[in-house]
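Student: Structure for the following, please:
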Amino acid sequence: MSNRFATTQPMSRVEEALGRVSLWRGKDVKVSSLSGGLTNENYLVVCALERYVMRIPGKSTELLSIDRANEVYNTKAAASTGIGPAVIEHVPELDVMVLEFIPGETMSAQALQSDEVVRRMAESFKRLHAAPRFLKDFDMFRLIETYLRIVDQHKVTIPSDYRARLPLVAEIERAVRVGALPVVSCHNDLLCENFIDDGRWLRIVDYELSGNNDACFDLGNTAQEASFDDDLRSVLCEAYFGRPDPQQLARMNLFALMSDVGWTLWGAIQARISTLDFDFTDYYTKRWDRALTVMESDRVTGWLREARRESP
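Tutor: Got it, this is the predicted structure:
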């Protein structure tokens, strides 16, 4: 996950990255830290009056199942749609990317709370999902299994009742498979701050967890991150599919829940391995509490029934 909080890295890493970028070799540059980065560092670099974003990956991110080759490939594919930022240069030895700087408003949950903006979001998704096929697939259910193995291997502390909920997770997986859509190029990590309004499109940045997936995961994930109420979730679903679709709305809501379930483990692993000055324990605890509130409600039963297209 990224693009949320400012972090720091030793300047030696920044200086090394700056020195390896051919774009501004021999030129004067100004560098400043951009807010954002629970796994990466993002810097604004100004060279010859042009602005760029330099992205430096965090350490030990392979334990979070982040594949940097996949990220670079997918970022370029997303850029071809006009929704993702262009990759200006890639330094493979350091996994550093120099990206197009997108001028515009970085969105927040509050800024996304309107029918108009949600419909624009749906248009951006449709464009992104039409991108050339991404390098690898993404499946939250399989990622949870991977994270649980990492939890065991590295003695990571997770909520004591987490594994007790895995039968429900399996039931949710069976339900969402009923109306499964053909996989498309998905972002999969749609923090509100990953949307930038350039005045025409809601551009989407940060493709480190991107992969081919069911479109409803992107819809549900962003609905959860932006705390959309039922009305806005319905608007997003209808705008994306072009008509009301109760089954896909139910699948979207189940995927929204699975975002919290999966990212709970992500946060727990970060709490164990990260050197960043951030309270990951509080992060994953709040995620899990929110997931539990939904799992213990009657809403899940209705979503499961609708996703499977069963009669009440």
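
Student: who touches residue 134 in this structure?
Tutor: Taking CB atoms under 8 Å, 6 or more residues apart in numbering, we find residue 134 in contact with 70, 73, 74, 77, 185, 186, 210, 211, 212. C-beta: built from backbone N, CA, C; applies to glycine.

Student: now residue 129
Tutor: 184, 185, 186, 215, 218.

Student: how's the chain carved up into domains?
Tutor: Here the domain parsing of the chain from automatic domain parsing is 11-101, 106-307.

Student: any chance of these in JSON lines, with mean pLDDT too?
Tutor: Converted to JSON lines, the domains of the chain look like this (pLDDT from 0 to 100):
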{"stretch": "domain 11-101", "mean pLDDT": "88"}
{"stretch": "domain 106-307", "mean pLDDT": "96"}
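
Student: Report the contact partners of residue 106.
Tutor: Taking CB under 8 Å, 6+ apart as the test, what residue 106 contacts is 193, 195, 196.

Student: Also residue 236?
Tutor: Applying CB under 8 Å, 6+ apart, the residues near residue 236 are 118, 121, 122, 219, 222, 223, 228, 252.

Student: for residue 79, same thing?
Tutor: 85, 86, 87, 100.

Student: Can you go through the residues you listed and name the buried ones?
Tutor: Buried subset of those (neighbour count, 16 or more other CB atoms under 10 Å): 85, 87, 100.

Student: just these now: which is nearest residue 295?
Tutor: Nearest to residue 295 among the buried ones among the contacts of residue 79 is residue 85, at 36.2 Å by CB to CB.

Student: The closest one belongs to a helix, doesn't it?
Tutor: No: counting by DSSP: H, G, I helix; E, B strand; the rest coil, one finds residue 85 to be coil, located in no helix.

Student: now for the strand or helix carrying residue 291, which elements pack on it?
Tutor: Assigned by DSSP states H and E, residue 291 belongs to helix 280-295. Applying 3 or more CB pairs under 8 Å, 6 or more residues apart in numbering; DSSP states H and E, we find helix 280-295 packed against helix 246-273.

Student: Just list what the helix it packs on packs against, helices and strands only.
Tutor: helix 140-153, helix 166-178, helix 215-225, helix 230-241, helix 280-295, helix 299-307.

Student: right, and the ones you listed - which one's nearest residue 48?
Tutor: Minimum separation from residue 48 across the helices and strands packed on helix 246-273 (CB to CB) falls at helix 215-225, 36.1 Å.

Student: Work out the gap between the closest one and the centre of the chain.
Tutor: Distance of helix 215-225 from its chain centroid, counting by CA atoms, centre = their mean, to the nearest Å, is 9 Å.

Student: hmm, who's touching it?
Tutor: Residues contacting helix 215-225 (CB under 8 Å, 6+ apart): 109, 121, 125, 128-129, 138, 140, 176, 181, 184, 186-192, 228, 232-233, 236-237, 240, 248, 251-260.

Student: export that helix as PDB, just CAs?
Tutor: The C-alpha trace of helix 215-225 is given here as PDB (Å, rounded to 0.1, in the frame of the first residue of the first chain):
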ATOM      1  CA  ALA A 215     -13.400  -5.700 -12.100                       C
ATOM      2  CA  CYS A 216     -15.600  -5.900  -9.100                       C
ATOM      3  CA  PHE A 217     -12.600  -6.100  -6.800                       C
ATOM      4  CA  ASP A 218     -11.500  -2.600  -7.900                       C
ATOM      5  CA  LEU A 219     -15.000  -1.300  -7.400                       C
ATOM      6  CA  GLY A 220     -15.400  -2.900  -4.000                       C
ATOM      7  CA  ASN A 221     -11.900  -1.900  -2.900                       C
ATOM      8  CA  THR A 222     -12.300   1.700  -3.700                       C
ATOM      9  CA  ALA A 223     -15.800   1.800  -2.100                       C
ATOM     10  CA  GLN A 224     -14.200   0.500   1.100                       C
ATOM     11  CA  GLU A 225     -11.300   2.900   1.000                       C
END
